[in-house]
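Chemist: Got a sequence here, can you build the structure:
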Amino acid sequence: MKTFLAIFASFILYSCSGQNAKNVDIETSDIINFWTAYDSIQNSTQKTKVFTELYLDKASDPFKKMIEASGDISHVENYFESFEKYPKFWESLRKPTMELQKIESKVFACYDRVKKIYPEFNAGNVCVFIGVRNIQASVWKKDNQIFMGAELNLWFEDVDLTEFEPEETFAYQNSIQSTIVHETIHLQQKGESETLLGNSIHEGSADFLAELFLNEPYKSHAYIYGRKNEEKLWQEFSKEMHSTDISNWLYGESGKKGRPADLGYFMGYMITKSYYDKAKDKDKAIREIIEVTDFENFFKTSGYGDKFDG
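Modeler: Presented below is the predicted three-dimensional model:
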């Protein structure tokens, strides 16, 4: 699973391994707007009005689109409820989120890494905002846009988590570079899928390639649980993977019966890893992982299910 001086940055002179960076916008102004609004409501009798005017109404153009799409963010009371319940957490976010105004160096370093391995890569614009612990990251392909919630893309060793119950611990504990690469892979992916198998491969392969490109083990509750219960999960997943119902494995309320959410990420990761490990030409395998459209054939070629046979 980061007072302010943040700016809208459009990088004109930076060259990203041949990618002309003047075409890439890194938007961080919503961070300073958030903290201005947060400080302004502390002694205000019109908290809703002040927070809305200073944060949501002043949203950057890309963040406006996210506000419209997210009911959680668009309702100010969700912020206030979280502020009241976790005051130490929110105050501890100030310094690390402030540092995200320097995120451009991390973004371009990640883009360099991806481009060296996948030369045709398309660099996306990035918008960093502060949500209500509901959106870690998202990609909108039609806008070539990556969104990242600053409050969920930090080193949590630097954040006060003492107000949370154990079951409320954050699902992902990866670096922000891992998030950037994961979402950049999503921008490159060619195929769309309605099945659990295809969606799991899309998500799990983005995790796998982020781990591979950064040499940084991917960490989440789903992966910890998955590695301990892999065969059992495979037996369940194999019965559902051709279904269009992804609710037991991906997103939203997929964490059920004491199990962590997003176990489909783990299954997709393991299928992708098996595919990559079997491939003799690793560079070709990476291209095939990114560009896969025939998920059934990809799965069969991976041989992942074979290790559980017999």
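Chemist: Got the phi and psi for residue 26?
Modeler: Backbone torsions of residue 26, given as degrees, to the nearest 10, read phi -110, psi 110.
Chemist: remind me which residues of the stretch 1-150 of the chain are low pLDDT?
Modeler: 1-22 (pLDDT under 70).
Chemist: For it, just list every one of the strands.
Modeler: 8-10, 15-16, 19-20, 25-27, 125-129, 137-140, 145-149 (DSSP state E, counting those that start in this stretch).
Chemist: Out of the ones you listed, the one nearest residue 88 is which?
Modeler: Residue 88 lies closest to strand 145-149 among the strands of the stretch 1-150 of the chain, at 19.0 Å (CB to CB). Using the backbone N, CA and C atoms, a C-beta is placed for each residue, glycine as well.
Chemist: Sheet-wise, list the partners of the closest one with their directions.
Modeler: Sheet pairing of strand 145-149 (DSSP bridges) gives strand 125-129 (parallel), strand 137-140 (antiparallel).
Chemist: Reformat those as JSON lines; add distance to residue 204.
Modeler: Output for the strands paired with strand 145-149, formatted as JSON lines (distance: least, CB to CB, whole Å):
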{"stretch": "strand 125-129", "distance to residue 204": "23"}
{"stretch": "strand 137-140", "distance to residue 204": "15"}
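Chemist: Of those, which stretch is the most buried?
Modeler: strand 125-129 (a mean of 25; mean count of other CB atoms under 10 Å).
Chemist: before we move on, the earlier item: so which of the strands paired with strand 145-149 comes closest to residue 38?
Modeler: strand 125-129 (13.1 Å).
Chemist: to the chain's geometric centre, what's the distance from the closest one?
Modeler: 12 Å (CA atoms, centre = their mean, to the nearest Å).
Chemist: which residues are in contact with it?
Modeler: Applying CB atoms under 8 Å, 6 or more residues apart in numbering, the external contacts of strand 125-129 come out as 24-28, 30-31, 34, 59-60, 62-63, 66, 100, 103, 107, 143-150, 153, 180.
Chemist: same thing but at 7 Å, please
Modeler: Outside strand 125-129, the residues that touch it by CB atoms under 7 Å, 6 or more residues apart in numbering are 24-28, 30-31, 60, 62-63, 66, 100, 103, 107, 144-150.
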